[in-house]
Structure formats: structure tokens, C-alpha cells
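Engineer: Turn this into a model:
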Amino acid sequence: MRSRDGDMIPLSTLVNVRAVSGPEVVYRYNRFRAAHLTGTNAPGFSSGEPAAALAQVGREVLPQGFGYEWTGTVFQQQRSEGAEPLIFGFALVLVVLFLAALYESWSTPFAVVLAVPLGLLGDMRSVRPAIAARIT
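Structural biologist: Reported below is the predicted structural model:
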């Protein structure tokens, strides 16, 4: 560094410089420092089982003052848990309304909506022997 007179001054007279290491990225969640963990379920397990296992490990291992919160798909899954009948009912009403607008009729959408499960049941007769053949 240069002084007012233009002379060179060592930088160590002003500051102490030392090398330190740290993370490249510091994650934050709700203003708290956080660790970002990403995982997926193994084949044969549902999406809720790994979340339950991680929650149990968190309760057992994390020290006092530490916590965890879910984001993304697991958060949405837990938030909508138990609302499936409402969601499917609302979807059915929307399908009937869209089909009523498409066909400009109130009776045709019910025939279409009721024909879909009937077609699926008819298709199950052809799929069932193939499934039984794979199992045996």
C-alpha cells in the first residue's frame, strides 16, 4: 500500500491476513442457516416412507435447538394428505362442466364420464391373464 507521501507500506501493518476455509454456498431457510438434503425413495417404497424415516432420524439424532422442515413435493404431499376425496370430487365436477361446454349438453357428459370406468373394467379382463402368467 502507498502512504500519503507515496512510500510503500506493508499491508500487514493495517490488517491481519489469514487463509480460512468455508462452504462455497450457505443455504438459508426462513432466515436460518440450513443444510439442503435431497433424496429419493428406493424401488419398492412409497414416497411417504423415506420422509417418515428421515423424520424419525431427525427426532433421534438432531441436538436441542435444531429442527427440520419439508419443502417441495413432500411438503405438498403432507399438506394435501386426507383431501383426496375432495380433490377427486372437484376434478369430476370440472370434467363434467368442461364436457358440458364442449358438447353443449348437460346429459352427454354423464354418458362420457360413466363410459370411462366401464371401458377400463372391460380392458382389465384382457390384462388379467397376462399378469397371472408373469406371477406364476
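Engineer: Distance check, the residue nearest in space to the middle of the chain against T40.
Structural biologist: Among the residues of the chain, the smallest C-alpha distance to the mean C-alpha position (CA atoms, centre = their mean) belongs to T73, namely 1.5 Å. With distances taken as CB to CB, to the nearest Å, T73 is found 10 Å from T40. Every C-beta, even on glycine, is put in place using the N, C-alpha and C of the backbone.
Engineer: can you list the weak-confidence ranges in the chain?
Structural biologist: Residue ranges of the chain with pLDDT under 70: 125-136.
Engineer: what are the ranges of the strands in it?
Structural biologist: In the chain, strands defined by DSSP state E lie at 27-29, 32-34, listed in chain order.
Engineer: closest to E81 out of those?
Structural biologist: Go through the strands of the chain one by one with CB to CB and the one that ends up closest to E81 is strand 27-29, at 21.8 Å.
Engineer: Sheet partners, orientation included, of that closest one?
Structural biologist: The partner list of strand 27-29 in its sheet, established with DSSP bridges, is strand 32-34 (antiparallel).
Engineer: Identify the residues contacting the strand it pairs with?
Structural biologist: V26, Y27, R28 (CB atoms under 8 Å, 6 or more residues apart in numbering).
Engineer: Any chance of TSV for these, columns distance to R18 and neighbour count?
Structural biologist: Written out in TSV, the entries for the contacts of strand 32-34 read as follows (distance: CB to CB, whole Å; neighbours: other CB atoms under 10 Å):
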residue	distance to R18	neighbour count
V26	20	8
Y27	25	10
R28	26	10
